[in-house]
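Asker: Need the 3D shape of this:
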Amino acid sequence: MAADGLQLPPGAKADWTIDQGWDSYTAEEHATWVTLYERQSQVLPGRACDAFLRGTEALDLHGQGIPNFERMSEKLRALTGWTVVAVPGLVPDEVFFDHLANRRFPAGNFIRRPDQLDYLTEPDVFHDVFGHVPMLTDPVFADYMEAYGKGGQRALGLGRLANLARLYWYTVEFGLMQTQAGLRIYGAGIVSSRTESIFSLEDGSPNRLGFDLERVMRTPYRIDDFQQVYFVIPSLEHLLEKTLENFDPMYARLDGASDIPIAAIAAGDEVFTTGTQAYAKANA
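Answerer: Numbers count the residues shown, from 1 in each chain. You can find the predicted model right below:
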């Protein structure tokens, strides 16, 4: 993920990539990956979208523990032209967008401790690889991520990064999809979390609203707990189509538009679920 105001760490290349150091992982670290994987494999069938589940199989993410990025990238490149590169955690915005625009997904190379299975403030290799990379095996989503990277480069020059970051948050990280079988998860922040995989689809607390690009860009998000609103796309094709549009007219409208409160249901919203917001109120 991207962040601002960071300094290049020692040993990192100019593009912030580092060696994954796969041979340096301990048996305990590989065991942590397997534990996390097995926990998610119990809750995701019937909750995660088909593209994600196919991706985990195509990349064989279970294996013997933490995947080797080089070997995994060989499979991914053959499918959609993407690769995975190791980075030392968060990277600057311009670096992040350059990687995405060139079909490189930056992933942290460290893994959480065994006592951090349910929550971690900074994305680790399980979040980045298990959560994000399976969707990159889908050609449509792969095109979306490249388009987002190029859009991010443009947004930096236009001062619109705050709006575009909301699009990433509510799609790539915490997106839901409408399917013939019902709502399904495709966002990495959900599929890599056992508790949010259940909460996002089954809890009565959050709003679940139809995806609208401008609406999403006007909606703040929270980084410290379960989401209060999830946006539902009708298909990956729809998401890509909307991302390929010229954002300039919308950016101009956003100049005079205020944010929509995170828990609000606004006029014109397509409502899948009107949430009680009970969880957010109880944890305020």
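
Asker: so where's the chain uncertain?
Answerer: Where the chain drops to pLDDT under 70, the residues are 1-5.

Asker: Tell me where this protein has strands.
Answerer: 2-3, 83-87, 91-92, 104-108, 176-179, 182-185, 207-210, 229-233, 271-273 (DSSP state E).

Asker: export the ones you listed to TSV and tack on mean neighbour count?
Answerer: No exception for glycine: its C-beta is placed from N, CA and C like everyone else's. Putting the strands of the chain into TSV (neighbours: other CB atoms under 10 Å) gives the following:
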stretch	mean neighbour count
strand 2-3	16
strand 83-87	22
strand 91-92	20
strand 104-108	23
strand 176-179	20
strand 182-185	18
strand 207-210	20
strand 229-233	23
strand 271-273	15
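
Asker: could those be laid out in CSV, adding distance to Leu164?
Answerer: As requested, those are exported to CSV (distance: least, CB to CB, whole Å):
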stretch, distance to Leu164
strand 2-3, 10
strand 83-87, 20
strand 91-92, 15
strand 104-108, 17
strand 176-179, 20
strand 182-185, 22
strand 207-210, 19
strand 229-233, 15
strand 271-273, 24
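
Asker: Go through these and name the closest to Leu136.
Answerer: For Leu136, the closest of the strands of the chain is strand 104-108, at 6.2 Å, according to CB to CB.

Asker: For that closest one, name the packing helices and strands.
Answerer: When contacts are defined as 3 or more CB pairs under 8 Å, 6 or more residues apart in numbering; DSSP states H and E, strand 104-108 packs onto strand 83-87, helix 93-101.

Asker: Using TSV, please lay out those together with distance to Arg253.
Answerer: What follows is the helices and strands packed on strand 104-108, written out as TSV (distance: least, CB to CB, whole Å):
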stretch	distance to Arg253
strand 83-87	35
helix 93-101	23
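
Asker: Compare these and give me the one nearest Thr276.
Answerer: Between Thr276 and the helices and strands packed on strand 104-108, the shortest gap by CB to CB is with helix 93-101, which sits at 35.6 Å.

Asker: That closest one to strand 104-108, inter-axis angle?
Answerer: 130 degrees (axes from the mean of the first three to the mean of the last three CA atoms, to 10 degrees).

Asker: So which residues of this protein form helices?
Answerer: In the chain, the segments counted as helices under DSSP state H are 27-43, 50-59, 69-80, 93-101, 125, 139-158, 161-168, 188-191, 194-202, 213-217, 236-243, 248-254, 278-282.

Asker: Could you say which one of the ones you listed comes nearest to Asp225?
Answerer: Using CB to CB, the helices of the chain put helix 278-282 closest to Asp225, at 7.6 Å.
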